[in-house]
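**Student:** requesting a structural model of the entry that follows:
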Amino acid sequence: MGKDGYFAYSSLAPVYDRLNSEVDYEGWADHIERQFAAYAKKKPVSVLDLACGTGSVTAILARRGYDMTGIDLSEDMLAVARAKCDSGHFPHSVLLIKQDMAEFELYGTVDAIVCCLDSLNYLTKTDKLHRTFLHVHNYLEPDGLFVFDMNAPAKFENVYAQNSYILEDEGVFCAWQNDYNEKTKMCDFYLSIFTENKDGAWARYDEVQRERCYSLRTVKKLLSDSGFELCSVASDFEGTPADSDTERWYFTARAKK
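**Tutor:** I've put the predicted structure just below:
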């Protein structure tokens, strides 16, 4: 496990997309564009994908005409994203940068910033989350939108908890054990990844990751303290209001300057 909740994803990066094949990335992009349509003062052109991972959302938005930049701390994840973005025929070239999302720097401001699939929960210190919000605010145009999601307490308490899961695809197998501490609000994920080599032998890699459970009140306060106006918080792509049973919060916030 890396410091401050960050992880190299060195073992997971090559198989990440195969183990997460059920993720509806087109649906995520549709959701983002609905937020743009509902809350942007003008249609965004330049968009930053924060913690872009293997670049699935980055590539889809680039294909839809946005001028995309992706930032991630993992060189291995960015290598997968680079291959994905280089293979597409997009109106704009995609810029990918290895940076810490709590300390990132851009050449200028962008119209919108997105951060998908609970990446912000990997910031296990409140001051890191606050610094990330401050950096996002700094690099957004006035009234620019920040569209992101976070895992809610119900996800940690009921889905993660002390449960174990199996993820598999042809030639790859991942055993995933959770350990959620209700006192510290930290959840450790113990991953054992098995991949089949060309000769039929299997290789094993182990990783430990950690997410933190934040309260909705804390996230709202940090957004406000960072200069954001909260536009919406929902429990799904359809905009259903969040409640105590919500497992994932979908936020849209506007940078006030």
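**Student:** can you give me the helices for this structure?
**Tutor:** Counting by DSSP state H, one finds helices in the chain at the ranges 16-19, 25-39, 56-63, 75-86, 126-138, 153-154, 216-225.
**Student:** tell me which of those helices sits most buried.
**Tutor:** A comparison of those by mean neighbour count, using mean count of other Cβ atoms under 10 Å, puts helix 56-63 on top with a mean of 24. C-betas here are computed from N, CA, C, even on glycine.
**Student:** other SSEs contacting it?
**Tutor:** In this structure, helix 56-63 packs against helix 25-39, strand 46-50, strand 67-72, helix 75-86, with contacts taken as 3 or more Cβ pairs under 8 Å, 6 or more residues apart in numbering; DSSP states H and E.
**Student:** how about these, which one is nearest Gly144?
**Tutor:** Set against Gly144 and scored by Cβ to Cβ, those come closest in strand 46-50, at 9.3 Å.
**Student:** so for that closest one, mean pLDDT?
**Tutor:** pLDDT averaged over strand 46-50 equals 98, rounded to a whole number.
**Student:** same thing with stretch 120-140?
**Tutor:** In the prediction, stretch 120-140 has an average pLDDT of 98.
**Student:** now do stretch 227-240
**Tutor:** Predicted confidence along stretch 227-240 averages 97 (mean pLDDT).
**Student:** buried sites along that stretch?
**Tutor:** Along stretch 227-240, the positions that meet the burial threshold by neighbour count (16 or more other Cβ atoms under 10 Å) are Gly227, Phe228, Cys231, Val233, Ala234, Ser235, Phe237.
**Student:** same thing with stretch 194-205?
**Tutor:** In stretch 194-205, counting by 16+ other Cβ under 10 Å, buried: Thr195.
**Student:** how about that stretch as PDB, C-alpha atoms only?
**Tutor:** Extracted C-alpha coordinates of stretch 194-205, given in PDB (Å, rounded to 0.1, in the frame of the first residue of the first chain):
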ATOM      1  CA  PHE A 194      -3.700 -14.600 -10.600                       C
ATOM      2  CA  THR A 195      -2.900 -14.300 -14.300                       C
ATOM      3  CA  GLU A 196      -2.300 -17.100 -16.800                       C
ATOM      4  CA  ASN A 197       0.900 -17.000 -18.800                       C
ATOM      5  CA  LYS A 198       1.300 -18.100 -22.400                       C
ATOM      6  CA  ASP A 199       2.800 -21.400 -21.200                       C
ATOM      7  CA  GLY A 200      -0.200 -22.100 -19.100                       C
ATOM      8  CA  ALA A 201       1.500 -21.400 -15.800                       C
ATOM      9  CA  TRP A 202      -0.200 -19.000 -13.400                       C
ATOM     10  CA  ALA A 203       1.400 -16.000 -11.700                       C
ATOM     11  CA  ARG A 204       0.200 -14.500  -8.400                       C
ATOM     12  CA  TYR A 205       0.400 -10.800  -7.400                       C
END
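**Student:** show me the contact partners of it.
**Tutor:** Ser11, Pro14, Val15, Gly171, Val172, Phe173, Cys174, Ala175, Ser192, Ile193 (Cβ atoms under 8 Å, 6 or more residues apart in numbering).
**Student:** now with 6 Å?
**Tutor:** Outside stretch 194-205, the residues within contact range by Cβ atoms under 6 Å, 6 or more residues apart in numbering are Ser11, Gly171, Val172, Phe173, Ile193.
**Student:** ok, those residues vs Val94, which is closest?
**Tutor:** Distance ranking of the contacts of stretch 194-205 against Val94, using Cβ to Cβ, places Ser11 first at 25.0 Å.
**Student:** hmm, back to that, just the buried residues of stretch 227-240 now: which is nearest Leu117?
**Tutor:** Comparing the buried residues of stretch 227-240 against Leu117 with Cβ to Cβ picks out Phe237 as the nearest, at 13.1 Å.
**Student:** quick one: contacts for that closest one?
**Tutor:** Taking Cβ under 6 Å, 6+ apart, one finds His31 in contact with Phe237.
**Student:** dump the buried residues of stretch 227-240 to a markdown table, plus distance to Leu123.
**Tutor:** Formatted as a markdown table, the buried residues of stretch 227-240 follow (distance: Cβ to Cβ, whole Å):
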| residue | distance to Leu123 |
| --- | --- |
| Gly227 | 18 |
| Phe228 | 16 |
| Cys231 | 22 |
| Val233 | 18 |
| Ala234 | 21 |
| Ser235 | 21 |
| Phe237 | 23 |
